[in-house]
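Engineer: Make a model of this:
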Amino acid sequence: MMNFLVKTIANAGALAVAVWLLDKITLTGDSTGKEIGTLLLVALLFGLVNFLVKPVVKLLSLPLLILTLGLFTLVVNALMLLLTSWLADRLDLSFHVEGFWTAVLGGLIISVVSWALDVVLPDGD
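Structural biologist: Numbering: from 1, shown residues only. The predicted model follows:
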């Protein structure tokens with residue numbers, strides 16, 4: 001349970017950095033508390049998408065991953081971010097990613113920040 005909480009906080013932090021750095025990734029709310037709540041819900045949603053959908057997409061795109069020496073992972077990460085944005089819109093969460101190239105850059109930022117936070121934050125094992 002602690003590992004899940006740490007990973008969710010890392011996802012929320014990474015998403016917050018992407019929102020802060022990129023103008024076309026938006027998170028809106030009436031107050032700071034609502035923005036933090038929305039960010040945590042989007043982080044949970046992003047973690048769920050990465051847990052359920054990403055392995056299937058990576059398996060189906062394995063030939064492209066091999067052919068591009070793993071660079072296609074950037075496209076897969078962008079698609080997961082766009083799917084999270086679409087699901088957040090369906091769930092009436094105020095999180096939006098505008099465009100594929102913004103999602104590619106956002107996915108790259110989220111990957112780097114998540115990796116850095118995973119190194120710093122303790123494991124729940």
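Engineer: Just checking, which helix or strand of the protein averages the lowest pLDDT?
Structural biologist: In the chain, the helix or strand scored least confidently by mean pLDDT, DSSP states H and E is helix 2-21, which has a mean of 89.
Engineer: My reading is that residue 103 lies in a helix. Confirm?
Structural biologist: Yes. Assignment of residue 103 by DSSP: H, G, I helix; E, B strand; the rest coil places it within a helix.
Engineer: one step back: so what touches the least confident helix or strand of the chain?
Structural biologist: Helix 2-21 is contacted from outside by 25-27, 39-40, 42-44, 46-47, 106, 109-111, 113-114, 117-118, 121-125, using Cβ atoms under 8 Å, 6 or more residues apart in numbering. In short, each C-beta sits where N, CA and C put it, glycine included.
Engineer: Tell me which of these fall in helices.
Structural biologist: Among those, DSSP state H puts 39-40, 42-44, 46-47, 106, 109-111, 113-114, 117-118 in helices.
Engineer: Looking at those residues, spot the one nearest residue 88.
Structural biologist: Each of the ones in helices among the contacts of helix 2-21 was scored against residue 88 by Cβ to Cβ, and residue 42 proved nearest at 5.5 Å.
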